[in-house]
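# quick one, fold the following:
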Amino acid sequence: WQAIALTSGLFASLNATFAKLTTASTTSTLSNTLHTYLPSNLPPTTIEYTLRVAIFALSLLFTGTMWALYTKALSAAPSAVHANIVNTASNFLCTALLGMVVFGEEVNGLWWMGAGCLVAGTVVIGRREE
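Residues are numbered from 1 along each chain as shown. This next block holds a predicted model:
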């Protein structure tokens, strides 16, 4: 169940990343690059809109995959809180890494402290239920 919950968190962060790419300027840059290298007479706006629709479709696919894995982890874990802790921690870590790599975001110590507090709070609640 732990691997399933970890993977669910990864897909949750992929969903967030691709949802952001749907409206990000990074996608415009990518579509301009594609327009340069694709041998077609399509206008740049057509390539950009097609790329944004494809990215949005991937975001929806990642959402569905995340929910399927998350519900599977919930049913396989000893408790829902355990699955939630692993899923949340995985989601935070992957979101931070993808934000840095894809969008060049700066994830400072305060962000890590906040994420750590959220995960620690979830662990405390989980131990209280035991």
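
# centre of the chain to stretch 45-64, how far?
15 Å (C-alpha atoms, centre = their mean, to the nearest Å).

# show the average pLDDT along it.
Throughout stretch 45-64, pLDDT has a mean value of 91.

# what lies in contact with that stretch?
11-12, 14-15, 18-19, 21-23, 27-28, 30-32, 34-35, 38 (C-beta atoms under 8 Å, 6 or more residues apart in numbering). Glycine gets a C-beta too; all of them are placed from N, C-alpha and C.

# ChimeraX command for the buried members of these?
To isolate the buried members of the contacts of stretch 45-64 in ChimeraX, using 16 or more other C-beta atoms under 10 Å:
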select :11,12,14,15,18,19,21,22,27,30,31,34,35
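
# strands - which of the contacts of stretch 45-64 land there?
In strands, judged by DSSP state E, none of these are found.

# identify the residues contacting residue 13.
90, 91, 94, 95, 98 are the contacts of residue 13 under C-beta under 8 Å, 6+ apart.

# the closest residue to residue 122 other than its chain neighbours and residue 71: what is the separation?
Excluding the flanking residues, the one nearest residue 122 by C-beta to C-beta, 6 or more residues apart in numbering is residue 85, at 4.9 Å. With the distance defined as C-beta to C-beta, to the nearest Å, residue 85 ends up 16 Å from residue 71.

# between these two, which one's more packed in?
Taking other C-beta atoms under 10 Å, residue 85 and residue 71 do not tie; residue 85 has more neighbours (21 against 13).

# the more buried one contacts residue 124, doesn't it?
No: contact between residue 85 and residue 124 fails when scored by C-beta atoms under 8 Å: they sit 10.1 Å apart.

# low pLDDT regions in the protein?
For the chain, the stretches flagged by pLDDT under 70 are 129-130.

# report the distance from stretch 104-122 to the chain centre.
Remark: stretch 104-122 is offset 16 Å from the chain centroid, using C-alpha atoms, centre = their mean.
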